[in-house]
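# structure here, sequence nowhere to be found:
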C-alpha cells in the first residue's frame, strides 16, 4: 500500500429511506468509540434524498457524506437532474462519477464523465471517478486497455490528490461475490498509478488515492486492501449495514497501521 491515508467509501446506490439514517447514526457511534484507532477517512454516499439529513447526522464527526452522480451544468432547464453546487449545498463533500451502472444503464461516455468531473471540481467537491472492465473485456485480456482509456478520457482538468479519487471496479465483480486475484488487482492499480503519472506528473500520481471496488466484504478486506497501490475501497452492499461497514473500516485501519 502507498503512503496515503486510505479512504473507505460506501455507495448505497438506490437504497435507503429516512428510517435508514439509524445506520448512519450507528456508524457515527462506532467511529466515535474507535477514535484514533481508525486511521482512515470514511465516507457514505446515500441517495440524493438523504444527503442533507445524513450530513446533519454526521456533523461534528470525521465521517464525510458524498453523492452518487450529478449533472455537468451548474443550473438550467434539466428537469429531474441535480447539479454539483446543489449537492454541495446539501452537505456533500464528494461525488461518485462514471460508475459502471451509469456507463452501462445511462450510456455515459468518458467525455460525459469528464464534464461532470469538471463541474464537481468547480463546485469545490471531490470527484470519485470509477473505471472498470466488463466480463467480456476481461476474458479477452483487454482490462488494461479499457481501464487506461477510461482513465485518460475521464480525468478533469486540474486533477490533484486533493480533488480526485480513482476507483477501480471490475464490472464482473460488482455484486457477484467474485473478486479478481491479488495479482490482477495489483497489476491494474499499478497501471493506473503509472498512467496518472504520465498524464499529470509522478508526484501528483503518488498523492491520488486509488480505491478497489467489487464485492468488498469484511471477510476479504484485509487481503484486498494490503495490495500495493490500493488506497482503500468503494463498498457497495456491505456499506448499507453499519456493522459490516465498520468491520471493513477496522480491517483497513489495521492494515494501514
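Perfect, I can see it now. Just so you know, these numbers come straight off a predicted model, no measurement behind them.
# and the helices in the chain?
21-34, 51-57, 84-90, 100-105, 110-122, 135-139, 143-154, 182-199, 202-205, 221-225, 242-256 (DSSP state H).
# list the contacts of the residue sitting furthest away from the middle of the chain.
Of all residues in the chain, residue 77 has its C-alpha farthest from the mean position, at 28.6 Å, by Cα atoms, centre = their mean. Counting by Cβ atoms under 8 Å, 6 or more residues apart in numbering, residue 77 touches no other residue. All C-beta spots, glycine's among them, are computed from the backbone N, C-alpha and C.
# which phi and psi values does it adopt?
phi -90, psi 70 (degrees, to the nearest 10).
# now do it against residue 102, distance only.
The gap separating residue 77 from residue 102 is 21 Å, by Cβ to Cβ, to the nearest Å.
# check residue 66 too.
Residue 66 is 15 Å from residue 102, by Cβ to Cβ.
# wait, residue 190 sits on residue 210?
No: in this structure, residue 190 is not within contact of residue 210 by Cβ atoms under 8 Å, at 9.4 Å.
# common neighbours of the two, please.
Going by Cβ under 8 Å, 6+ apart, residues that sit against residue 190 and also against residue 210 are residue 229.
# give me the more crowded residue out of the two.
residue 210 (23 against 15; other Cβ atoms under 10 Å).
# which other residues reach the helix or strand bottoming out on mean pLDDT in the chain?
Every helix and strand of the chain was ranked by mean pLDDT, DSSP states H and E. The lowest is helix 242-256, at a mean of 86. The contact list for helix 242-256 (Cβ under 8 Å, 6+ apart) reads 1, 5-6, 8, 10, 23-24, 26-27, 30-31, 34, 37-40, 42, 44, 216-218, 221-222, 225-226, 232-233, 235, 238-239.
# change it to 6 Å
6, 8, 10, 23, 26-27, 30, 38-40, 218, 221-222, 225-226, 235, 238-239 (Cβ atoms under 6 Å, 6 or more residues apart in numbering).
# of those residues, keep whichever come out buried.
Among the contacts of helix 242-256, those classed as buried by 16 or more other Cβ atoms under 10 Å are 6, 8, 10, 23, 27, 30, 38, 40, 218, 221, 225, 235, 238-239.
# which of those residues lies closest to residue 85?
Nearest to residue 85 among the buried ones among the contacts of helix 242-256 is residue 10, at 23.5 Å by Cβ to Cβ.
# so the closest one makes contact with residue 46?
No: look at residue 10 against residue 46 with Cβ atoms under 6 Å: they stay out of range, at 8.5 Å.
# so for residue 39, what's the pLDDT?
pLDDT, residue 39: 89.
# same deal with residue 220?
For residue 220, pLDDT reads 89.
# what is the burial count for it?
15.
# next one: the closest residue in space to it that isn't next to it in sequence from residue 251, what distance?
Spatial nearest neighbour of residue 220, chain neighbours left out: residue 179 (6.2 Å); criterion: Cβ to Cβ, 6 or more residues apart in numbering. The gap separating residue 179 from residue 251 is 15 Å, by Cβ to Cβ.
# what about the two, which has more around it?
residue 251 (24 against 19).
# and stretch 20-37, how far out from the chain's middle?
Relative to its chain's centre, stretch 20-37 lies at 19 Å (Cα atoms, centre = their mean, to the nearest Å).
# show me where pLDDT drops low in this structure?
1-2, 254-257 (pLDDT under 70).
# mind doing that once more with 80?
1-3, 36, 175, 177, 179, 252-257 (pLDDT under 80).
# report the central residue of it.
Using Cα atoms, centre = their mean, the most central residue of the chain is residue 234, at 4.5 Å.
# determine the number of other residues adjacent to the nearest residue to residue 186 once chain neighbours are set aside.
Nearest residue to residue 186 in three dimensions, chain neighbours excluded: residue 227, at 5.1 Å (Cβ to Cβ, 6+ apart). Neighbour count for residue 227, taken as other Cβ under 10 Å: 20.
# and if you look at residue 153?
Neighbours of residue 153 (other Cβ under 10 Å): 15.
# OK, contacts around the closest residue to it other than its chain neighbours?
In this structure, residue 153 finds its nearest non-sequential neighbour in residue 110, 2.8 Å apart by Cβ to Cβ, 6+ apart. Neighbouring residues of residue 110 by Cβ under 6 Å, 6+ apart: 150, 153, 154.
# cool, thanks, talk later.
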